[in-house]
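> Whatever this is, show me its structure:
(2 chains)
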Amino acid sequence: MFAYKPKSFLLSLPKHISNSQIFLANSNSQLSPPLSSLPPRPSIPQTKQAHAQIIVSGLAADSPLISHLLCFLALSPSTPFHYSLSLYQSIKYPSVFATNNMIRCFAKSDSPPQSLLLFSSMLRTCVKPNNHTFTFLLQACSRALALNEGAQVHTVAVKLGFGGYVFVRNALIHLYCSCSRIECSKRLFEENASSRDVVTWNSMLTAFVRDEQIGAAEKLFEEMPERDVISWSTMISGYVQNGRLGEGLECFKQMREKGMRLNEATLVSVLSASAQLGLLEHGRLVHSLVESLNFPLTVSLGTALIDMYAKCGCIEQSKLLFKNMPKKDIWTWNVMICGLASHGIGKEALALFQRFIDEGFHPVNVTFIGVLGACSRAGLVSEGRRHFKLMTEKYSILPEMEHYGCMVDMLGRAGFLDEAVQLIEKMTVPPDPVLWATLLGACKIHGSIELGEKIGKKLLKLDPTHDGHYVQLASIYAKARKWEDVIRVRRLLVEQNTNKAAGWSLIEAQGTVHKFVAGDREHERSLEIYKMLEKIGIRIAESGYSPNVSSVLHDIGEEEKENAIKEHSERLAMAFGLLVTGAGDCIRIVKNLRVCEDCHEVSKIISRVFEREIIVRDGSRFHHFKDGKCSCLDYW
DNA sequence: TTAGGGTTAG
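Sure thing, here's the model as predicted:
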């Protein structure tokens, strides 16, 4: 049998396991509602009550009885191991059953390596390990990402003849996959083709997914003799985690067509895909499934729903769900803070962050991406500076590129260009060109030609294949009416043969997703769409609109430039939205790039002239257009 | 008398 060769075959000598006081019942006993599919587990207070009765009845020396209590604790969702250990230590001659359960308690605790120490001491007694022992031990190694220790356990399991047990082998596949040793998982999987069960296949599927080998995962999924809900969930999450969102949703569709039962993990992954794609109708469908199938609103599911609604433009729905969540964890708070930030509701995001702190949570890097993003999008400069300081000084969180990105964006937009430059120059890691590009955009807004030129030249050196830098630099020159420089940069752009990122916009209508690119004429209702565009053009011109062509960088005349922006993907999506939705309905659009100045202006006018609310999620944030105004207050 | 695999935030 294959065995990963560990660096050392010697397990650490067992340390003396000290007596611990019985864990006192001061923990939060309000557990999340149990999943309907799971059998009820005895809670820790219930186990303690039973323990007290055993002591009062004079049966505390009855080791099988105490072992059963230990087993209950091992089955509880989260057990501080001190109490389990005190029970275990009260057994004079622990059986393999009692020891296995103690190993399992350690494996589930915050100190999984303790189970290895117990195993070491077990090896020196007359109590012999069995197949259960190795399953729990390997689980502990996987949780601790302890590759060497796991490999030693692997060796012992093989030596003692337990290597062929399917539970042990599956635990090994899982261990090597958790420790990024996929080749070891694969060898174990291939070696035992005749004795695989569905968990063996699922473990290998997970290994491929985690290693981003989606092709291999797809092939394995096809070959599986039997697929259960976990096989489907793994495949769906594999697609979603690797950005193949449409395929994830298609896989979910197939799963439902096959009549498979759904579970929490399936729904969370599918909600994530709906959120990332901004598909509100799909997300709502999943929400209705959650309700019709009577899924309890667990922390994960509730958080995924909050995120979905926020990313699909329904921030009020997110807020309502957040308010009604019976239990929240750090993910829930982070999702809500980031959601408010993306909608530009900066002050509420900051107030929520304060509540989060007041409730005793400890912020993490993502929390501050939300907080700083909120400050940036709402122009809350002094709050942003204060929180950046708080993050580094009070919470000792090292700023990452994203944090710097928020700060540079915030300072740049507000006109603190020198401060932004100083911040970038003070960075201890090399700045991502995106930071300079952000600042270049700010130079354009504030007409800082000199600094913009300096940054633009720097960027062309750092990242010559990015077309956006040429476009920004040329627009800075254009703003300064330096036409020769505009022509020069434009020539450079052509010579570099860069690939301009194709802009697209999505709109959902009657369960179908419609995708448009600029100048698109592929849609089956293209003729009607272009007629609607003309109608829009006439109506907005009547209300005094004149086009802003500064975002167009082609060697074409003004009229052609006007046509080019008129056919931007979001204009086509908006025209289609006006065609397919009823009077007064909200139009929701998801765009991959940032909305250009002219489209932003036009969207405001359309919202007033056509009396429609238009919600656009662009590459950076949400814009809610209503009555001729945008929620971003033209600050984006 | 005890077992394994899948999920979420920028």
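> from here on, contacts and neighbour counts on C-alpha atoms
Will do.
> and residue A:429, what are its phi and psi?
In terms of degrees, to the nearest 10, the main-chain angles of residue A:429 are phi -110, psi 160.
> what about it, how many neighbours?
The tally of other residues near residue A:429 (other CA atoms under 10 Å) stands at 10.
> Tell me the spacing between the closest residue to residue A:212 other than its chain neighbours and residue A:317.
Sequence neighbours aside, residue A:242 is the residue nearest to residue A:212 in space, at 6.8 Å (criterion: CA to CA, 6 or more residues apart in numbering). Plainly put, residue A:242 is 28 Å away from residue A:317 if you go by CA to CA, to the nearest Å.
> cool, and residue A:410?
For residue A:410, the distance to residue A:317 under the criterion CA to CA works out to 28 Å.
> neighbour count winner among those two?
For the pair residue A:410 and residue A:317, the greater number of neighbours falls to residue A:410 (31 against 15), based on other CA under 10 Å.
> Which of the three states applies to the more buried one?
helix (DSSP: H, G, I helix; E, B strand; the rest coil).
> For it, give me its contacts.
A:375-377, A:379-381, A:384 (CA atoms under 8 Å, 6 or more residues apart in numbering).
> got JSON lines for the residues you listed, with neighbour count, secondary structure and pLDDT too?
Compiled in JSON lines, the contacts of residue A:410 are given as follows (neighbours: other CA atoms under 10 Å; DSSP: H, G, I helix; E, B strand; the rest coil; pLDDT from 0 to 100):
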{"residue": "A:375", "neighbour count": "29", "secondary structure": "helix", "pLDDT": "96"}
{"residue": "A:376", "neighbour count": "28", "secondary structure": "helix", "pLDDT": "94"}
{"residue": "A:377", "neighbour count": "25", "secondary structure": "helix", "pLDDT": "92"}
{"residue": "A:379", "neighbour count": "21", "secondary structure": "coil", "pLDDT": "92"}
{"residue": "A:380", "neighbour count": "18", "secondary structure": "coil", "pLDDT": "95"}
{"residue": "A:381", "neighbour count": "19", "secondary structure": "helix", "pLDDT": "96"}
{"residue": "A:384", "neighbour count": "24", "secondary structure": "helix", "pLDDT": "97"}
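> Quick check, pLDDT for the residue nearest to residue A:269 when sequence neighbours are not counted.
Ranked by CA to CA, 6+ apart and with sequence neighbours excluded, the top spatial neighbour of residue A:269 is residue A:237, at 5.4 Å. Predicted confidence (pLDDT) for residue A:237: 97.
> Are we agreed that residue A:237 is in a strand?
No. Secondary structure of residue A:237, determined by three-state DSSP: helix, with no strand assignment.
> want to throw the contacts of residue A:410 into a markdown table with distance to residue A:633?
Putting the contacts of residue A:410 into a markdown table (distance: CA to CA, whole Å) gives the following:
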| residue | distance to residue A:633 |
| --- | --- |
| A:375 | 14 |
| A:376 | 13 |
| A:377 | 10 |
| A:379 | 10 |
| A:380 | 13 |
| A:381 | 16 |
| A:384 | 19 |
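> Tell me, how many residues neighbour residue A:605?
Applying the criterion other CA under 10 Å, we find 26 residues in the vicinity of residue A:605.
> who does the host helix or strand of it touch, helix- and strand-wise?
Assigned by DSSP states H and E, residue A:605 belongs to helix A:597-609. Based on contacts counted as 3 or more CA pairs under 8 Å, 6 or more residues apart in numbering; DSSP states H and E, the elements that helix A:597-609 packs against are helix A:526-542, strand A:622-626, strand A:629-630.
> Nearest spatial neighbour of the closest residue to DNA strand B within the stretch 1-150 of chain A, chain-adjacent residues omitted?
Among the residues of the stretch 1-150 of chain A, residue A:132 lies closest to DNA strand B, at 4.0 Å counting by CA to the nearest atom of the strand. What sits nearest to residue A:132 in space, not counting adjacent residues and going by CA to CA, 6+ apart, is residue A:100, at 6.8 Å.
> correct me, but that neighbour touches residue A:133?
Yes. Taking CA atoms under 8 Å as the definition, residue A:100 is a contact partner of residue A:133 at 5.3 Å.
> So these two - more neighbours on which side?
The neighbour count for residue A:100 versus residue A:133, taken as other CA under 10 Å, is higher for residue A:100 (29 against 24).
> which residues sit in contact with the more buried one?
A:132-133, A:136.
> Let me have those in CSV, adding pLDDT as columns.
Formatted as CSV, the contacts of residue A:100 follow (pLDDT from 0 to 100):
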residue, pLDDT
A:132, 97
A:133, 97
A:136, 97
